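Asks: pasting the sequence and the predicted coordinates here, then a few questions.
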Amino acid sequence: MLDLAYGAGKERVDLLVSGGTVVTMDGGRRVLEGGAVAVRAERIVAVGPAAELEGRYQAARRIDASGKIVLPGLVNTHNHAPMTLMRGLADDMALMDWLQKFIFPAEAKNVTREFVAAGTALACLEMIRSGTTTYADMYYFEDQVAEVTERAGMRAVPGETIIQFPAPDNKTPELALEYTERFIRRWKGNSLIVPAVAPHAPYTNSAESLKAAKALADRYGVPMTIHVSETQDEVRQIREKYGLTSTQWLDQLGVLGPGVFINHGVWLTDDDLAIIMKRGVAVTHNPESNMKLASGTAPVARMLALGIPVGLGTDGAASNNNLDMFEAMDFAAKLHKLITMNPAALPAQAVVEMATLGGARALGLGKEVGSLEAGKRADMIVVNAAGPEAQPLYNVYSQLVYSLKGADVTTSIINGKIVMLDRRVLTLDEKRILDKAREMKGRILASLASGS
């Protein structure tokens with residue numbers, strides 16, 4: 001519920017979210033029962049007890065969060081947003097078959113600027129409705145991804161795919177690198193969009209394109225993201241070609257370092273982990289996609305014990321098949337208990353951290369988002385905790401991970417702007433987006449049926 005509030009002799013703020021259980025994820029990991037968050041423009045100015053902040057601030061707008069949980073917006077560290085349009089197109093198969101027999105052919109016939117815009121709008125709608133406020137992306141026509149994301153009011157770290165074979169927008173790695181440089185120049189310094197360099201994977205890039213990608217990222221001081229050790233097939237291919245693991249080869253090329261975040265890391269060895277730790281590399285964990293494609297399970301507990309920054313991701317909706325970070329938290333916690341046969345492995349609080357501050361740190365945004373603290377960007381969500389599935393509430397972290405879902409998110413605030421209020425997304429035309437998705441489905445099916 002949104003109220004107008006007025007008062008005299010108080011400091012002015014634009015927004016006060018008050019009365020809920022505030023999960024700060026700050027240095028002390030404070031959880032404030034009956035807490036509040038005050039926002040001015042794009043930033044948080046105070047976090048504390050509701051009574052204290054209500055007495056101190058005059059808010060132009062007020063959100064009553066009574067009976068709800070207020071926490072930092074969720075950070076999805078790995079996505080291919082436009083691939084929402086391929087959700088359910090090809091399921092129940094191994095990654096290499098999935099890519100080579102279905103996804104790559106479908107992309108070759110269908111991926112255009114229009115496709116990317118439609119798929120990104122669908123992804124942003126789904127993410128906003130399920131509590132994600134920041135996401136990292138890797139796809140084609142990333143200018144379109146950035147434009148749609150900015151219009152939706154979301155925060156993103158998008159990277160143009162650099163890949164060895166002809167892609168829908170750039171036919172060579174050299175052209176993709178040129179595109180990426182223009183992309184970086186356009187978006188660097190934007191308050192919502194952080195441009196990145198995104199070589200697809202070690203097995204789809206040459207040594208030259210990988211080194212050029214890292215040089216480009218270093219030249220502009222932007223992140224670099226890459227799929228690494230996702231499957232045993234990849235591990236085998238790289239070892240047969242170079243006699244090394246993917247991580248060892250990338251390290252030999254000199255392309256690992258701070259600002260690099262690798263996706264998946266399922267088959268990382270102890271030596272790989274030592275390199276990643278030494279080089280200051282972060283990892284994104286994508287449990288649902290890895291499970292569904294039977295790729296394996298990343299050694300997340302070991303990574304965290306070594307101090308490696310680990311964020312949580314959904315991967316694209318074509319291999320998940322949704323972008324609900326609440327489900328990703330639930331699966332991550334349970335998966336690691338199962339594979340370690342240890343019910344204490346990856347506890348709920350650790351998983352919430354991976355989905356908030358840990359994810360922000362993995363993307364290089366830890367100083368800006370990921371926790372509710374004065375001075376940080378005002379990215380937060382309000383989650384209904386009054387339903388039967390959330391009662392009784394003994395431990396807020398457990399409830400967030402094991403009981404609540406994206407559908408329980410009622411309000412999303414990004415960069416100080418309310419983008420969803422009482423389940424209604426304010427920045428996107430939901431009907432138009434869903435109608436366009438159905439139209440694109442028809443085109444995709446027709447293209448595959450034609451065989452041309």
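Replies: Structure's in. What do you need?
Asks: and K101, what's its pLDDT?
Replies: We have a pLDDT of 86 for K101.
Asks: meant to ask about D97, not that
Replies: For D97, the predicted pLDDT is 87.
Asks: and L335, that one's in a helix?
Replies: Yes. With DSSP: H, G, I helix; E, B strand; the rest coil as the criterion, L335 is located in a helix.
Asks: what sits against it?
Replies: 287, 291, 297 (C-beta atoms under 8 Å, 6 or more residues apart in numbering). Yep, even glycine has a C-beta here, placed from its N, CA and C like the rest.
Asks: separation between the spatially most central residue of the chain and L335?
Replies: By C-alpha atoms, centre = their mean, the mean C-alpha position of the chain lies nearest to N76, the distance being 1.6 Å. From N76 across to L335, the span is 17 Å (C-beta to C-beta, to the nearest Å).
Asks: again, but for G221
Replies: Taken as C-beta to C-beta, the span from G221 to L335 is 35 Å.
Asks: got it, and E147?
Replies: Applying C-beta to C-beta to E147 and L335 gives a distance of 35 Å.
Asks: re the thing from before, among the contacts of L335, name the buried ones.
Replies: Buried by 16 or more other C-beta atoms under 10 Å: 287, 297, out of those.
Asks: any chance of a markdown table for the contacts of L335, columns distance to G243 and pLDDT?
Replies: Shown next, in a markdown table, are the contacts of L335 (distance: C-beta to C-beta, whole Å; pLDDT from 0 to 100):
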| residue | distance to G243 | pLDDT |
| --- | --- | --- |
| P287 | 30 | 98 |
| M291 | 30 | 96 |
| T297 | 26 | 97 |
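Asks: quick check, nearest of the contacts of L335 to A348?
Replies: For the contacts of L335, the minimum distance to A348 (C-beta to C-beta) is 14.5 Å, reached by P287.
Asks: and Q144, what helix or strand is that in?
Replies: If you go by DSSP states H and E, Q144 is part of helix 142-152.
Asks: for F183, give its distance to R62.
Replies: Counting by C-beta to C-beta, the gap from F183 to R62 is 39 Å.
Asks: out of the two, which sits in the busier spot?
Replies: F183 (24 against 21; other C-beta atoms under 10 Å).
Asks: so the more buried one: helix, strand or coil?
Replies: When the rule is three-state DSSP, F183 gets the label helix.
Asks: returning to that earlier point: buried set for the helix holding Q144?
Replies: 142-150, 152.
Asks: so who does the residue lying closest to E126 once chain neighbours are set aside touch?
Replies: Nearest residue to E126 in three dimensions, chain neighbours excluded: L323, at 4.9 Å (C-beta to C-beta, 6 or more residues apart in numbering). By C-beta under 8 Å, 6+ apart, the contact list for L323 reads 76, 79, 84, 123, 126-127, 130, 132, 314, 317.
Asks: secondary structure element for L323?
Replies: L323 belongs to no helix or strand, assigned by DSSP H and E.
Asks: from K214, how far off is G257?
Replies: For G257 relative to K214 (C-beta to C-beta), the value is 8 Å.
Asks: using the three-state scheme, assign the residue nearest to the centre of the chain.
Replies: strand.
Asks: okay, and the beta partners of it?
Replies: Counting by DSSP bridges, N76 is bridged to Y135.
Asks: was I right about it contacting A362?
Replies: No. If you go by C-beta atoms under 8 Å, N76 and A362 don't touch, sitting 10.9 Å apart.
Asks: pLDDT wise, what is S450 at?
Replies: pLDDT, S450: 76.
Asks: that one: how many residues sit nearby?
Replies: 8.
Asks: can you check H336 too?
Replies: 22.
Asks: any idea how far E114 is from the residue nearest to it when sequence neighbours are not counted?
Replies: The shortest distance from H336 to any non-neighbouring residue, by C-beta to C-beta, 6+ apart, is to L346 (4.1 Å). The gap separating L346 from E114 is 41 Å, by C-beta to C-beta.
Asks: and V13, that's in a strand?
Replies: Yes. Assigned with three-state DSSP, V13 falls within a strand.
Asks: wait, it sits on R56?
Replies: No. Contact criterion C-beta under 8 Å: V13 and R56 do not qualify, at 9.1 Å.
Asks: common neighbours of those two, please.
Replies: Joint contacts of V13 and R56 (C-beta under 8 Å, 6+ apart) are A38.
Asks: which one's more surrounded, those two?
Replies: V13 (24 against 17).
Asks: need the pLDDT of that one.
Replies: 98.
Asks: any low-confidence regions in the chain?
Replies: 1-8, 451-452 (pLDDT under 70).
Asks: domain map for it?
Replies: Taking automatic domain parsing as the domain assignment, the ranges for the chain are 2-72+378-425, 74-362.
Asks: may I have stretch 222-241 as PDB, with CA atoms only?
Replies: Extracted as PDB, the C-alpha positions of stretch 222-241 are listed here (Å, rounded to 0.1, in the frame of the first residue of the first chain):
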ATOM      1  CA  VAL A 222      34.600  -3.000 -17.300                       C
ATOM      2  CA  PRO A 223      33.700  -6.600 -16.200                       C
ATOM      3  CA  MET A 224      34.300  -9.700 -18.300                       C
ATOM      4  CA  THR A 225      32.100 -12.800 -18.100                       C
ATOM      5  CA  ILE A 226      32.600 -16.300 -19.700                       C
ATOM      6  CA  HIS A 227      31.200 -19.800 -19.300                       C
ATOM      7  CA  VAL A 228      33.900 -22.100 -17.800                       C
ATOM      8  CA  SER A 229      33.900 -25.800 -17.000                       C
ATOM      9  CA  GLU A 230      30.200 -26.100 -17.300                       C
ATOM     10  CA  THR A 231      30.200 -29.700 -18.600                       C
ATOM     11  CA  GLN A 232      32.500 -32.800 -18.800                       C
ATOM     12  CA  ASP A 233      32.400 -32.400 -22.600                       C
ATOM     13  CA  GLU A 234      34.000 -29.000 -22.400                       C
ATOM     14  CA  VAL A 235      36.600 -30.300 -19.900                       C
ATOM     15  CA  ARG A 236      37.400 -33.200 -22.400                       C
ATOM     16  CA  GLN A 237      37.600 -30.900 -25.400                       C
ATOM     17  CA  ILE A 238      40.000 -28.400 -23.800                       C
ATOM     18  CA  ARG A 239      42.200 -31.100 -22.300                       C
ATOM     19  CA  GLU A 240      42.500 -32.900 -25.600                       C
ATOM     20  CA  LYS A 241      43.300 -29.600 -27.400                       C
END
